[in-house]
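Participant: 3D model of this:
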Amino acid sequence: MQQKIVLSRTYSPFPLNRRPYLAIGVVMVLFWLATVWGALPTRHSANLLKLLSLGGLALILIPRVLRLPHAYSSHSLNPYYQDIWLRLPRPVGRYVLAGVLSGVLLLASLYLTNAIFGSAKIAWHLWDWERLLDFLSHGLWEEVLFRGVVLSLCLRRAKKPIHGVLLAAGCFAVLHLNTYHLVRLLGMGVLWGWLTLKSRSLLPAVLSHGLYNIFLVLLPPQVPAGGTLAWLLVWQGIVLVCAFAAYGLAGWVMEENRQPLPLISLSIQLKHFFLPFGSFQGGIPTHPHIEQRACRQQHDIDLVNVYPGAHKILEPENTT
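Facilitator: Model prediction:
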């Protein structure tokens, strides 16, 4: 009796599966259209429609119609959820703590900037469920699309994970269409991309992003009159410092064998800042495509070491 095998990933004639960079552009355009579509109705229904539009784009249109980031069958979306890291990490508490701590450190940049240029009081009277829903929908679906779909597409062509993280962060920053905050958005995008790859889950990045967006309502940036440039430079500089501190603290929390950390050692973090992106041990877990390529290369090396004549098969000589 033959066993029936159902493949969840299939080869699709749709060209976006073979052109990751074109697929990234299409996803960004669709995200922008869904955001604009949600802002068209009245205020009371705009945020709900935006939430539904972005959710339909991330959970229905992209995997079912566009078959991204890989080709999927119509039977199950579990491979899609795995490819975009939409799952709970284990242990959950450790990664929840890492996401919350990184979000708190990003909030510190808002508080410090307001303390330098004005008042750092939290405006509780600005609490509004409509605005809260708007910021939460952006925090959730931006992570699903950029740290999930776009980052997975970037890693398909990236030689190192850091290249994919930087490209996805650049797409995230550019899509906001705000050149004044480009550096700040790029730094936060790199942090959230690193959290996603380190934990193999979107949960820490979603928590950090959502917490930051909520306090953008309660602690709005206070732009001083006549000092916009100085305020902008100080804020973006503080955000980068806080993002780097969040990298160190969250990375320490997510390590299995943690050492005592009374203070964050900048020298140690600087030493290991770029190592996790390019290493396979003790750093960020790489994407399956990069792992498969590395395994094939290691297999060729092992084959040559065991069978000295194997290089003639792996690299045949050119005969003229």
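
Participant: Kindly format the C-alpha coordinates of the one helix or strand L22 maps to as CSV.
Facilitator: L22 belongs to helix 20-38 when assigned by DSSP states H and E. Presented in CSV, the C-alpha positions along helix 20-38 are these (Å, rounded to 0.1, in the frame of the first residue of the first chain):
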residue,chain,number,x,y,z
PRO,A,20,12.6,37.9,-4.0
TYR,A,21,13.5,41.6,-4.5
LEU,A,22,10.4,42.1,-6.7
ALA,A,23,8.3,40.3,-4.1
ILE,A,24,9.6,42.7,-1.4
GLY,A,25,8.6,45.7,-3.6
VAL,A,26,5.1,44.2,-4.1
VAL,A,27,4.7,43.6,-0.3
MET,A,28,5.7,47.1,0.5
VAL,A,29,3.3,48.6,-2.0
LEU,A,30,0.4,46.4,-0.7
PHE,A,31,1.2,47.4,2.9
TRP,A,32,1.1,51.1,1.9
LEU,A,33,-2.2,50.6,0.1
ALA,A,34,-3.7,48.8,3.0
THR,A,35,-2.6,51.6,5.4
VAL,A,36,-4.0,54.3,3.1
TRP,A,37,-7.3,52.3,2.6
GLY,A,38,-7.7,52.2,6.3
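
Participant: what's the distance between it and the middle of its chain?
Facilitator: 16 Å (Cα atoms, centre = their mean, to the nearest Å).

Participant: Name the residues of it that come out as buried.
Facilitator: 20, 23-24, 27-28, 30-31, 34-35, 38 (16 or more other Cβ atoms under 10 Å). C-betas here are computed from N, CA, C, even on glycine.

Participant: Out of those, which is nearest to H75?
Facilitator: For the buried residues of helix 20-38, the closest approach to H75 (Cβ to Cβ) belongs to A23, at 22.0 Å.

Participant: ok, and the closest non-adjacent residue to that closest one?
Facilitator: L16 (4.2 Å; Cβ to Cβ, 6 or more residues apart in numbering).

Participant: so what's the one you found scoring on pLDDT?
Facilitator: Among the per-residue scores, L16 holds a pLDDT of 79.

Participant: i'd like the first residue to be 364 from this point on
Facilitator: Understood, numbering begins at 364; the last thing we discussed is L379.

Participant: Enumerate every residue touching it.
Facilitator: 385-386, 389, 429-431 (Cβ atoms under 8 Å, 6 or more residues apart in numbering).

Participant: Switch those residues over to CSV; also include pLDDT and distance to F535.
Facilitator: Output for the contacts of L379, formatted as CSV (pLDDT from 0 to 100; distance: Cβ to Cβ, whole Å):
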residue, pLDDT, distance to F535
L385, 91, 18
A386, 92, 16
V389, 92, 16
L429, 87, 19
R430, 85, 23
L431, 86, 17
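
Participant: Please, where are all the strands along the stretch 514-663 of the chain?
Facilitator: Using DSSP state E, counting those that start in this stretch, the stretch 514-663 of the chain contains no strands.
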